[in-house]
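Undergrad: for reference, the sequence and a predicted model appear below.
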Amino acid sequence: MSPSRPSSPPPAAQALPDPAPLPPGGLPPGLLGGPDGPDGPAASRGSRGRVKPPRHLADLTLPERRAAVTELGERPFRADQLSRQYFARLADDPGQMTDLPQSSRQELADSLLPPLLTAERELACDGGTTRKTLWRAFDGAYVESVLMRYPGRVTMCVSSQAGCGMACPFCATGQAGLTRSLSTAEIVEQVVAGARTLARGQVPGGLGRVSNVVFMGMGEPLANYRSVVQAVRRLTEPAPAGLGLSARGITVSTVGLVPAIGRLAAEGLPVTLAVSLHAPDDEARDELVPVNRRWKVAEVLDAAWRYADVTGRRVSIEYALIRDVNDQAWRADLLGTLLAGRLAHVNLIPLNPTPGSRWTASRAGTQEEFVARLASHGVPVTVRDTRGREIDGACGQLAAVLTRGDGPPEPRSADPGGDPPEPRSADPGGDPPEPPECAPRPRGRTSPTHRPLTGPPARVAGPVTSASP
Ligand code: SAH
């Protein structure tokens, strides 16, 4: 391999799909907004006639929680106690909230801690240190989250929407379309559930805490802007207002909704921005990330550089390497040219083929050359590690199948069964600098120790002990 060797574009991009239709209406509905916002103790109807998730204390600021408990006839400080139980003690059983008067516990919990997500299935691999949970929401919508424990850090990959309206043709979630945006509390609950399993010693490696959160599960976070930003606030505010995580450990990944990137930069939240670029040229990106037909590569990158300027945070450029589609040497060089000298880092993701897809991951040599060419432009690059890929079968695939209704929610074996072993992808930089690594990966080479949940679905708050490896 000689990375400095000049390369020239081929006559035409190969193997790109027929142009996929843009999401209905050209752009996804609610592009810059989320659900109407929770407004009552039980599931209620929003202005668009949709039933909204029940109100939960994680939807509310601390002053709003104080107002809510006052309405119940309680003293305002009860809101602080209840919040501490939820965010600091990670309690889920009102019976154990002994600092609250016994007579009010149940009413407070019913009003402000309604069950939002039910663990439908849990799959584990890497000796139990990678755990993916399929959640069912109050309205039957499915979402997924993944916990990944590494030496020294724990990353939670969370969903921001049930389904996704961005229609990226290589993504399982994109194929299924958008069901709905999640509420703030539905997002926060995924992280709190992970924090509980760590605090209760249910993840091998001893007691632990969540250190990183990546919005790389199902959905387009910036198409559910309000709920996602509120969730980031809840995750970062110290108890009793929130969970007290560092904003620097949080990554919001987007297809590139330019106005929303600008808005996020102005929030004063030093979260890491990840941009799912996947191609350095509009011809390929128009197909791989259909929203590119609205905001082109140059506009998306401009917004990313403004984000880096305002926040001082290095932007992560996500690039799924797809064999003969976007992995050509000339595209590596073009990408390198666009990123050289910028506050950016490239995260290459070996494509995890979705069922029925004619696309597959790049050959090992092609991937190596891509890495070397980027490096020759001075662009920092890592290849996402392949951890947990045994249970991924593509992040979102499990839920996508259930949402389409073409597969029963049976305990499905995630066994890659019969797939030929694949070489582990290169990790040239050793330890990847920042977390994003829970997105889909090619299926694995080792036997997973996944275990479907058995028995009646557990409330998210409940211990999912049956899934312990
Ligand atoms: N909507 C957000 C979050 C999506 S998931 C976004 O697009 O950034 C996080 C990452 O996984 C995105 O970069 C997405 O493009 C990538 N991804 C989706 N499906 C994939 C697949 N089958 N193989 C590899 N990466 C995939």
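TA: Perfect, I can see it now.
Undergrad: would you list every one of the helices in the chain?
TA: Along the chain, counting by DSSP state H, helices occupy 62-71, 77-87, 102-112, 172-176, 184-199, 225-236, 258-265, 282-288, 297-311, 329-339, 364-376, 389-392, 397-404.
Undergrad: separation between the residue sitting furthest away from the middle of the chain and R78?
TA: Distance from the centre of the chain peaks at S103, with 39.1 Å (CA atoms, centre = their mean). Using CB to CB, to the nearest Å, we find S103 at a distance of 12 Å from R78. Where C-beta positions appear, they are placed from N, C-alpha and C, glycine not excepted.
Undergrad: before we move on, what about I261?
TA: From I261 across to R78, the span is 39 Å (CB to CB).
Undergrad: what parts of the stretch 101-250 of the chain come near the ligand?
TA: Residues of the stretch 101-250 of the chain lying near the ligand by CB under 6 Å from any ligand atom: C164, M166, C168, F170, C171, M216, E220.
Undergrad: in a markdown table: the residues you listed, plus neighbour count.
TA: Output for those, formatted as a markdown table (neighbours: other CB atoms under 10 Å):
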| residue | neighbour count |
| --- | --- |
| C164 | 28 |
| M166 | 26 |
| C168 | 22 |
| F170 | 23 |
| C171 | 29 |
| M216 | 27 |
| E220 | 31 |
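Undergrad: what residue ranges in this protein score low on pLDDT?
TA: 1-49, 386-469 (pLDDT under 70).
Undergrad: got the domain ranges for it?
TA: 57-112, 115-444 (automatic domain parsing).
Undergrad: out of those domains, deepest packed?
TA: A comparison of the domains of the chain by mean neighbour count, using mean count of other CB atoms under 10 Å, puts domain 115-444 on top with a mean of 21.
Undergrad: now it, how far from the centre of its chain.
TA: Put simply, domain 115-444 sits 5 Å off its chain's centre (CA atoms, centre = their mean, to the nearest Å).
Undergrad: quick check, L90 in contact with G194.
TA: No: between L90 and G194 there is no contact under CB atoms under 8 Å: 10.0 Å.
Undergrad: residues in contact with the nearest residue to R153 once chain neighbours are set aside?
TA: Leaving aside its chain neighbours, R153 sits nearest to S211 (4.5 Å; criterion: CB to CB, 6 or more residues apart in numbering). Taking CB atoms under 8 Å, 6 or more residues apart in numbering, we find S211 in contact with R153, V154, T155, L245, S246, G249.
Undergrad: repeat the analysis, applying 10 Å as the threshold.
TA: 149-150, 152-156, 198, 245-246, 248-249, 435 (CB atoms under 10 Å, 6 or more residues apart in numbering).
Undergrad: which parts of the stretch 251-400 of the chain sit against the ligand?
TA: By the rule CB under 6 Å from any ligand atom, the part of the stretch 251-400 of the chain lying against the ligand is S253, T254, V255, S276, E318, A320, I349, L351, N352, T354, A394.
Undergrad: at 5 Å what do you get?
TA: S253, V255, S276, E318, A320, I349, L351, N352, A394 (CB under 5 Å from any ligand atom).
Undergrad: now for the first one: which residues touch it?
TA: Meaning S253. 157, 160, 214-217, 219-222, 272-276, 316, 318, 347, 436, 439 are the contacts of S253 under CB under 10 Å, 6+ apart.
Undergrad: okay, and which of those residues map to strands?
TA: Assigned to strands by DSSP state E, the following of the contacts of S253 qualify: C157, V214, F215, T272, L273, A274, V275, S276, S316, E318, N347.
Undergrad: which pair in those residues spans the largest distance?
TA: Maximum pairwise distance in these, criterion CB to CB, is 17.0 Å, between C157 and V275.
Undergrad: for the stretch 51-200 of the chain, give the residue positioned nearest to the ligand.
TA: For the stretch 51-200 of the chain, the residue closest to the ligand is C171, as judged by CB to the nearest ligand atom, at 3.4 Å.
Undergrad: look up how far W359 lies from that residue.
TA: According to CB to CB, C171 and W359 sit 11 Å apart.
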